[in-house]
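Peer 1: A predicted structure for the sequence below; I have some questions about it.
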Amino acid sequence: MAWKFDNNVPIYIQISNTIKLQIVTNQLKSGDKLPTIRDLAETAGVNPNTVQRALSDLETEGFVYSVRTTGRFVTDNHELIRKTRLQLAQEELENFVNNMLDLGFTQDELVQQLDAYLKGDFHE
């Protein structure tokens, strides 16, 4: 089944971000072998050149590495993975806080709402 893509962001970036998220969330673990370009392209429903560009970007960023004639593998650079995870969390928090402030919550109310939600005591 083909992946769903956002028309406002280049597909190769979306593929790269998806794989990066799989690495950061440990769905893909250090040392795991990635599917071939052709297999990934077929799964995503895109041109192999698009997948190649995404993987090249991931390799440049250090998230994957190539072993000649064997394929691409997930990095064992745990510090890179940790930093990326924290960066993604920061972006999510920023979006959450901005959305809550846009809804008219004060910072104190936001904290109260979040606390209640985390305790499972969230109601109207």
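Peer 2: That came through fine. Residues are numbered from 1 along each chain as shown.
Peer 1: now the helices for this protein?
Peer 2: 11-24, 37-44, 48-61, 78-102, 107-118 (DSSP state H).
Peer 1: Nearest approach to Thr69 belongs to which of those?
Peer 2: Among these, helix 37-44 comes nearest to Thr69, with 14.0 Å by C-beta to C-beta. Any C-beta I mention is one placed from the backbone N, CA and C, and that applies to glycine too.
Peer 1: Give the buried residues for that closest one.
Peer 2: Neighbour counts over helix 37-44 (16 or more other C-beta atoms under 10 Å) mark 37, 40-41, 44 as buried.
Peer 1: about what we covered before: save the helices of the chain as a markdown table, and put in distance to Phe5 and mean pLDDT too.
Peer 2: Listed next are the helices of the chain as a markdown table, based on distance: least, C-beta to C-beta, whole Å; pLDDT from 0 to 100:
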| stretch | distance to Phe5 | mean pLDDT |
| --- | --- | --- |
| helix 11-24 | 5 | 96 |
| helix 37-44 | 8 | 95 |
| helix 48-61 | 10 | 97 |
| helix 78-102 | 19 | 96 |
| helix 107-118 | 31 | 92 |
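Peer 1: Turn those helices into TSV, including distance to Thr69.
Peer 2: What follows is these, written out as TSV (distance: least, C-beta to C-beta, whole Å):
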stretch	distance to Thr69
helix 11-24	21
helix 37-44	14
helix 48-61	16
helix 78-102	25
helix 107-118	49
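Peer 1: Domain map for this protein?
Peer 2: 11-76, 79-118 (automatic domain parsing).
Peer 1: quick one, which of the ones you listed is packed in tightest?
Peer 2: Of those, the one with the most neighbours on average (mean count of other C-beta atoms under 10 Å) is domain 11-76, at a mean of 16.
Peer 1: measure that domain end to end?
Peer 2: Start and end residues of domain 11-76 are separated by 26 Å (C-alpha to C-alpha, to the nearest Å).
Peer 1: closest one to Arg72 among the helices of the chain?
Peer 2: Nearest to Arg72 among the helices of the chain is helix 48-61 (6.0 Å), distances taken as C-beta to C-beta.
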